[in-house]
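Engineer: Structure here, sequence nowhere to be found:
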């Protein structure tokens, strides 16, 4: 160690208390910081690292060790990374200012100041890197815990729903059976057909709850399903709702587009989305439009059902297919979940996007293969 380095080290030793006191007045330390006493101790340790560097006795491992310690303490104290970086830079400025004001010729100090800046750069790098790693690990742990808790709650809820629905279904089946008998023996009784229809609707909801509580949907045979015919039937079925909602429907589906699927399950998916679209359009005053389009690409049918209803916020889009999530006052939150489950079962994809102009549900399904070729030539 040359003479000027020895003199600077001696100068720093003689002024260490003043240096630390001056630095302490400028750094950010919260009263709630559980390691606030260590902030000052760490400042003193950093001061010692600078001295070791001037004595040519410092290793990069020494800097990394202190940086990891500081990072862990800052995470435990829940201190913002910005405060940490600010305090480090204040320490850098304080030491550099003291050395510059030591009275030594500046040209003799340039190399020393560069070395000190290198120490602080290394320290900042390792501290921020470690701080970020710890924070990311904590976030992953929290996310894993939340996901696991969510799954456990859904499992319990599914078991409870399954038990309740089985108990509910037995008397419901009996009522449906006796309703049919009454209808056969007394066909002129008013409203019996309405009662029968509503009972079947209720039975359909019960079946949906059973699906939620199981890992897989009930297996059903798959055949060629013409999408044009399927949507023609669906639109005829919900025609009263379309008229009552004053909705203008446009449909663009080629008659040759067919998919390999269970027709009743697909019917359930598209019926749910169509009715949801009609419900959403009741909240707008402009012309209510629902578009149904189907094209083919890469061996798949691409069906889109769009409406110009209210925009769905991004935070809702993110969970719209989650079980038991609903924005409807009397909704069950299982309709779209079942839709996703059915589409996934058919090796397809379903998604939703929404902006100020349109809300669009997009569904992709494998095309029906016939004689080694797609149904679409």
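Structural biologist: Noted; the coordinates are in hand. Just so it is clear, the structure is predicted and the values come from calculations on it, not from any experiment.
Engineer: Now do the strand ranked longest in the chain: which elements does it pack against?
Structural biologist: What stands out as the longest strand in the chain, according to DSSP state E, is strand 288-297. Packing contacts for strand 288-297, counted by 3 or more CB pairs under 8 Å, 6 or more residues apart in numbering; DSSP states H and E, involve helix 227-237, strand 247-252, helix 263-281, strand 300-307. For glycine as for every other residue, the C-beta is placed from the backbone atoms N, C-alpha and C.
Engineer: mind running it again at 7 Å?
Structural biologist: strand 247-252, helix 263-281, strand 300-307 (3 or more CB pairs under 7 Å, 6 or more residues apart in numbering; DSSP states H and E).
Engineer: Could you name the helices and strands sitting against the second one?
Structural biologist: Applying 3+ CB pairs under 7 Å, 6+ apart, we find helix 263-281 packed against strand 223-226, helix 227-237, helix 239-244, strand 288-297, strand 300-307, helix 335-345.
Engineer: residues of the second one that come out buried?
Structural biologist: So the one you mean is helix 227-237. 227, 228, 230, 231, 234, 235 (16 or more other CB atoms under 10 Å).
Engineer: Put together a markdown table for the residues you listed, with distance to residue 100 and pLDDT on each row.
Structural biologist: Output for these, formatted as a markdown table (distance: CB to CB, whole Å; pLDDT from 0 to 100):
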| residue | distance to residue 100 | pLDDT |
| --- | --- | --- |
| 227 | 78 | 92 |
| 228 | 83 | 91 |
| 230 | 81 | 91 |
| 231 | 80 | 92 |
| 234 | 81 | 89 |
| 235 | 82 | 90 |
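Engineer: quick one: contacts for residue 15?
Structural biologist: residue 98 (CB atoms under 7 Å, 6 or more residues apart in numbering).
Engineer: For residue 238, see how far away it is.
Structural biologist: Separation of residue 15 from residue 238 (CB to CB, to the nearest Å) stands at 85 Å.
Engineer: Check residue 109 too.
Structural biologist: Taken as CB to CB, the span from residue 109 to residue 238 is 84 Å.
Engineer: cool, and residue 257?
Structural biologist: Taking CB to CB, one finds residue 257 at 21 Å from residue 238.
Engineer: again, but for residue 56
Structural biologist: In this view, residue 56 and residue 238 are 84 Å apart by CB to CB.
Engineer: same deal with residue 250?
Structural biologist: Counting by CB to CB, the gap from residue 250 to residue 238 is 15 Å.
Engineer: Contact partners for residue 122?
Structural biologist: 60, 63.
Engineer: can we see that at 6 Å?
Structural biologist: Residues in contact with residue 122 (CB atoms under 6 Å, 6 or more residues apart in numbering) are residue 63.
Engineer: Same drill for residue 250 and residue 238, tell me which one is more crowded.
Structural biologist: Counted by other CB atoms under 10 Å, residue 250 and residue 238 do not tie: residue 238 has more neighbours, with 18 against 10.
Engineer: what pLDDT does that one get?
Structural biologist: Residue 238 carries a pLDDT score of 85 in this model.
Engineer: same question, the one 3 residues further on
Structural biologist: We note a pLDDT of 84 for residue 241 in this prediction.
Engineer: Surely it touches residue 278?
Structural biologist: Yes. Between residue 241 and residue 278 there is a contact under CB atoms under 6 Å: 5.4 Å.
Engineer: Give me the more crowded residue out of these two.
Structural biologist: Taking neighbours as other CB under 10 Å, residue 241 and residue 278 compare with residue 278 leading, 21 against 13.
Engineer: Check the more buried one and give its pLDDT.
Structural biologist: Value for residue 278, per-residue pLDDT: 90.
Engineer: Isn't residue 351 up against residue 362?
Structural biologist: Yes. Using CB under 6 Å, residue 351 makes contact with residue 362 at a distance of 5.2 Å.
Engineer: Turn the buried residues of helix 227-237 into TSV, including distance to residue 189.
Structural biologist: As requested, the buried residues of helix 227-237 are exported to TSV (distance: CB to CB, whole Å):
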residue	distance to residue 189
227	39
228	38
230	34
231	35
234	30
235	31
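Engineer: what's the spacing between the most centrally placed residue in the chain and residue 17?
Structural biologist: Central residue of the chain (CA atoms, centre = their mean): residue 318, 5.9 Å from the mean position. Counting by CB to CB, the gap from residue 318 to residue 17 is 55 Å.
Engineer: helix or strand right after the helix or strand harbouring residue 5?
Structural biologist: Applying DSSP states H and E as the criterion places residue 5 in helix 3-14. Going down the chain from helix 3-14, the next helix or strand is helix 16-26, by DSSP H and E.
Engineer: Tell me the buried residues in that following helix?
Structural biologist: Applying 16+ other CB under 10 Å to helix 16-26 flags 19, 20, 23 as buried.
Engineer: swap in stretch 92-99?
Structural biologist: Using 16+ other CB under 10 Å as the test for burial, stretch 92-99 gives 92, 94, 95, 96, 98, 99.
Engineer: and the helix or strand where residue 316 lies, how far from the chain's centre?
Structural biologist: In the assignment (DSSP H and E), residue 316 maps to helix 314-317. Mean C-alpha position of helix 314-317 versus that of the full chain (CA atoms, centre = their mean, to the nearest Å) differs by 9 Å.
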